[in-house]
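>>> What follows is a protein structure lacking sequence information:
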């Protein structure tokens, strides 16, 4: 049978109010529209639902049965439809994510692609920034959350560590250390170092390791980007200590070697403290976590 929700809503309103005009007012419809819905419903069911006279509208026996049976069912159906609509709305909107460069280049592209596949109505807007700006953007509410290295003031944020990324040594293939399968931190003593500057979240962790092994670091250059450091290494200016993820597209003239003992940076999702994420931001947060897990397992 071709019966619509509009017809059933009109029927319930007339059955409850016993009056076509008042039923029309309650539904924000015209009286002729309500009369038409009732007529169409009666035609489809092939049964009279109301007895009408000049003073009142009274449900017939069939009308009373339909009223008692359909009221609960229609309430449940509208609840289901409202839930489906709510779930659909959860997948619409824009999410702004600030991310440090190495993660913007490695972790975020597959995550954004996964979001596009699973939630096509959702837009992820990436802000590719150094660590200090990522944290400022999160604090200031310019972005929904950040993807960064564990901040020194972690207690200032609500955060979740999603993976650990080891530091490695990058040098030219003709460098004396390139013949090794791994390099001890202590072997870096006296080596000209090209390091990320202090806008990077990794620099304080690298300095901590060098200090731990009592290495008086010979820092000859400081850069804002790992690719700049790689170019300087390629030019023979020194070696660099860099996160493992940054070596995904290392030039063929360079080689990366594990540093021992292993030291790792904690890749962390951060949001403003005591601030809940929107439903769509929660979806992206979860997708980044899942993408990080898959990268760790490969």
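Everything's here; your move. Everything quoted here is computed from the prediction, not taken from an experiment.
>>> use CA for all of it now, contacts and neighbours both
Fine.
>>> Sketch out the low-pLDDT regions of this protein for me.
Low-confidence segments of the chain, defined by pLDDT under 70: 1, 82-91, 297-298.
>>> mind listing the strands for the protein?
Assigned by DSSP state E, the strands in the chain fall at 50-52, 57-59, 93-99, 122-128, 145-149, 157-172, 183-184, 192-196, 218-223, 240-243, 254-260, 264-272.
>>> Of these, which is nearest residue 294?
Each of the strands of the chain has some distance to residue 294 by C-alpha to C-alpha; the shortest is strand 157-172, at 10.1 Å.
>>> Now do that closest one and strand 145-149, the angle between them.
40 degrees (axes from the mean of the first three to the mean of the last three C-alpha atoms, to 10 degrees).
>>> What is the longest helix of the protein by residue count?
helix 61-89 (DSSP state H).
>>> Tell me the buried residues in that one?
63, 66, 67, 70 (16 or more other C-alpha atoms under 10 Å).
>>> follow-up on the earlier one: redo the strands of the chain as CSV? Include distance to residue 232 and mean neighbour count.
Output for those, formatted as CSV (distance: least, C-alpha to C-alpha, whole Å; neighbours: other C-alpha atoms under 10 Å):
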stretch, distance to residue 232, mean neighbour count
strand 50-52, 88, 16
strand 57-59, 88, 19
strand 93-99, 24, 21
strand 122-128, 23, 18
strand 145-149, 24, 28
strand 157-172, 10, 20
strand 183-184, 20, 16
strand 192-196, 8, 23
strand 218-223, 9, 15
strand 240-243, 9, 24
strand 254-260, 11, 19
strand 264-272, 23, 21
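>>> In this structure, which residue sits furthest out from the middle?
Most distant residue from the mean C-alpha position of the chain: residue 54, 61.3 Å away (C-alpha atoms, centre = their mean).
>>> any idea how far residue 20 is from that one?
Distance, residue 54 to residue 20, using C-alpha to C-alpha, to the nearest Å: 11 Å.
>>> what's the answer for residue 120, then?
In terms of C-alpha to C-alpha, residue 120 sits 44 Å off from residue 20.
>>> now do residue 148
Taken as C-alpha to C-alpha, the span from residue 148 to residue 20 is 63 Å.
>>> Start from the N-terminal end of the stretch 101-250 of the chain and give the helices.
Using DSSP state H, counting those that start in this stretch, the helices of the stretch 101-250 of the chain run over residues 101-106, 108-118, 131-139, 203-212, 226-234.
>>> OK, contacts around the closest residue to residue 134 other than its chain neighbours?
Excluding its sequence neighbours, the residue lying closest to residue 134 (C-alpha to C-alpha, 6 or more residues apart in numbering) is residue 98, at 5.4 Å. Contacts of residue 98 were listed using C-alpha atoms under 8 Å, 6 or more residues apart in numbering, and they are 126, 127, 128, 129, 134, 137, 138, 143, 145, 146, 147.
>>> For residue 15, which non-adjacent residue is spatially closest?
residue 59 (6.3 Å).
>>> Hmm, that neighbour is touching residue 50, no?
Yes - using C-alpha atoms under 8 Å, residue 59 is in contact with residue 50, at 4.3 Å.
>>> Report the contact partners of the residue nearest to residue 15.
Residue 59 touches 15, 49, 50, 51, counting by C-alpha under 8 Å, 6+ apart.
>>> Could you single out the nearest of the residues you listed to residue 3?
Nearest to residue 3 among the contacts of residue 59, with distances taken as C-alpha to C-alpha, is residue 49, at 14.3 Å.
>>> isn't that closest one right up against residue 65?
No - contact criterion C-alpha under 8 Å: residue 49 and residue 65 do not qualify, at 9.5 Å.
>>> Name the residues contacting each of those two.
By C-alpha under 8 Å, 6+ apart, no residue touches both residue 49 and residue 65.
>>> thinking again about what came up before, switch the contacts of residue 98 over to CSV; also include distance to residue 220.
What follows is the contacts of residue 98, written out as CSV (distance: C-alpha to C-alpha, whole Å):
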residue, distance to residue 220
126, 32
127, 30
128, 27
129, 24
134, 27
137, 31
138, 33
143, 35
145, 35
146, 31
147, 29
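>>> ok, of these, which one's closest to residue 75?
residue 145 (38.7 Å).
>>> I'd guessed that closest one sits against residue 126; true?
No - using C-alpha under 8 Å, residue 145 makes no contact with residue 126, being 10.5 Å away.
>>> Tell me the residues that contact both of the two, please.
Common neighbours of residue 145 and residue 126 (C-alpha under 8 Å, 6+ apart) are 96, 97, 98.
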